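Novice: Show me the folded form of this:
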Amino acid sequence: MTYREAVARITGLRGGELAGMRPGLDRIEALLESVGNPERAMTLVQIAGTNGKGSVSAMLAAILQAAGRRVGLYTSPHLLDLRERIRVDGRPIGEADLVDGVEALGTLIARLDATMFEALTALALDYFVRQGVEVAVLEVGLGGRLDSTTVGRPAVEVITSIDYDHQAYLGDTLEAIAVEKAAIIRSGVAISARQAPEAEAVIVRRAAEAGVPLSAEGRDLRVGVRKASLDGQWLDLEGPDWRIDDARCGMLGVFQPGNALLAAAAARALGAEEHLRARNLRGQGQGGDPGRPPAPGNPGYLRGGQPSAGRLARLACGRRSDAPRRPGPRPRDGVLDHRSATDGRFGPCDHYRLCRGVALPPR
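Specialist: Prediction:
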């Protein structure tokens with residue numbers, strides 16, 4: 001099997017990732033059992049939420065890697081290459097390794113009628129074990145309760161900002177959506193971003209029922225911005241019994257200080273305390289992915305996976321006129337594909353108005 005054939009086979013399962021979506025844990029559990037339950041051989045971190053989970057995942061992986069850990073990172077969706085989803089110490093899975101993984105799971109994938117995301121999740125975890133990964137950072141694909149990344153017993157669960165998304169699968173109210181996402185809390189410790197009251201209540205209740213200690217932004221965790229420039233943002237991060245002053249986050253944007261706080265709190269829970277105390281957060285400057293430009297006003301991609309309408313509105317409001325800009329022409333206007341909105345409350349024209357001045361790639 002060639003690499004192209006492997007990609008075509010896995011992306012074509014059940015008609016593709018969106019068309020073939022089928023929540024449930026039975027198939028992923030069977031796939032993992034067939035390869036020796038690799039999820040039991042690593043420390044797991046699971047990250048759910050509506051906005052920011054990709055950034056938090058990338059930041060956390062970079063911090064742990066800088067602290068000397070061997071880190072596997074599993075994210076979705078990819079932007080240019082399927083291999084972007086599966087990385088070890090920042091390097092995408094090799095083409096030959098992806099082919100081997102597809103061939104190893106091939107018969108069982110067909111027998112179980114597994115989805116693309118289920119097959120990739122099993123492939124990623126098996127690859128991580130073979131690569132000697134110590135910590136696997138898993139970004140939830142959709143929801144949490146029935147997502148394929150909800151396997152094993154994580155040492156840390158992180159819930160980023162919850163908003164309206166994927167209502168057809170998760171429910172029409174913020175409370176219902178929060179129930180699906182908070183269901184990842186089941187072991188270790190939990191860390192939550194600042195939430196709307198109805199979502200916060202669900203998370204607090206779930207943590208109490210599971211007997212999992214919870215640290216929440218605004219209650220236990222705090223972040224302040226000292227300064228911001230084109231070189232990054234300098235942050236003061238604080239938890240119940242720790243504080244990091246003047247830590248640099250290389251990713252700009254009004255959302256990123258909160259994301260950095262969650263990543264730092266998770267890294268500390270995983271034992272990277274000395275690395276954090278030294279304010280050696282250079283790894284955060286390497287966080288992100290090919291779809292997130294490092295500075296506002298710098299032509300590039302806008303990639304939020306499938307951003308919620310609320311996030312699009314806040315993005316428009318968050319582009320302050322005094323935000324640092326690089327010299328040169330302003331970025332071109334762009335249109336965000338209407339299919340990217342997870343709740344369908346904006347049409348193409350609304351996306352265009354919200355994204356004026358944000359550089360987007362041609363389709």
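Novice: Pull up the gap between Gly90 and Arg70, please.
Specialist: For Gly90, the distance to Arg70 equals 11 Å [CB to CB, to the nearest Å]. For every residue, glycine as well, the C-beta is placed using N, CA and C.
Novice: Just the endpoints, please. Distance across stretch 142-158?
Specialist: Using CA to CA, to the nearest Å, the end-to-end distance of stretch 142-158 comes out at 14 Å.
Novice: pLDDT on it, on average?
Specialist: Per-residue pLDDT over stretch 142-158 has a mean of 96.
Novice: do stretch 73-91 as well
Specialist: 95.
Novice: Now it: buried residues?
Specialist: Judged by neighbour count using 16 or more other CB atoms under 10 Å, the buried positions of stretch 73-91 are 73-78, 82-88.
Novice: One more: stretch 239-259?
Specialist: Applying 16+ other CB under 10 Å to stretch 239-259 flags 239, 244, 247-259 as buried.
Novice: Also stretch 59-72?
Specialist: Quick answer for stretch 59-72 (16+ other CB under 10 Å): 59-67, 69, 71-72.
Novice: I'd like to know which of these is nearest to Leu214.
Specialist: Closest to Leu214 out of the buried residues of stretch 59-72 is Leu60 (17.6 Å), distances taken as CB to CB.
Novice: Among the buried residues of stretch 239-259, which ones are in strands?
Specialist: 239, 244, 247-249 (DSSP state E).
Novice: Which one of those residues is nearest to Arg268?
Specialist: Gly239 (7.0 Å).
Novice: residues in contact with that closest one?
Specialist: 215, 220-221, 265, 268 (CB atoms under 8 Å, 6 or more residues apart in numbering).
Novice: now do Ile203
Specialist: Contacts of Ile203 by CB under 8 Å, 6+ apart are 159, 178, 182, 185, 190, 192, 195, 214, 216.
Novice: Export the residues you listed as CSV, with columns for distance to Gly94.
Specialist: CSV is the format used below for the contacts of Ile203 (distance: CB to CB, whole Å):
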residue, distance to Gly94
Ile159, 32
Ala178, 38
Ala182, 36
Ile185, 34
Ala190, 34
Ser192, 36
Gln195, 39
Leu214, 39
Ala216, 40
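Novice: Export the residues you listed as TSV, with columns for neighbour count and distance to Leu170.
Specialist: Formatted as TSV, the contacts of Ile203 follow (neighbours: other CB atoms under 10 Å; distance: CB to CB, whole Å):
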residue	neighbour count	distance to Leu170
Ile159	32	14
Ala178	27	9
Ala182	29	11
Ile185	28	16
Ala190	27	19
Ser192	31	17
Gln195	24	15
Leu214	20	21
Ala216	19	21
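Novice: Can you add secondary structure and distance to Thr2 and give those back as JSON lines?
Specialist: Formatted as JSON lines, the contacts of Ile203 follow (DSSP: H, G, I helix; E, B strand; the rest coil; distance: CB to CB, whole Å):
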{"residue": "Ile159", "secondary structure": "strand", "distance to Thr2": "40"}
{"residue": "Ala178", "secondary structure": "helix", "distance to Thr2": "44"}
{"residue": "Ala182", "secondary structure": "helix", "distance to Thr2": "42"}
{"residue": "Ile185", "secondary structure": "coil", "distance to Thr2": "42"}
{"residue": "Ala190", "secondary structure": "strand", "distance to Thr2": "43"}
{"residue": "Ser192", "secondary structure": "strand", "distance to Thr2": "44"}
{"residue": "Gln195", "secondary structure": "coil", "distance to Thr2": "46"}
{"residue": "Leu214", "secondary structure": "strand", "distance to Thr2": "47"}
{"residue": "Ala216", "secondary structure": "strand", "distance to Thr2": "48"}
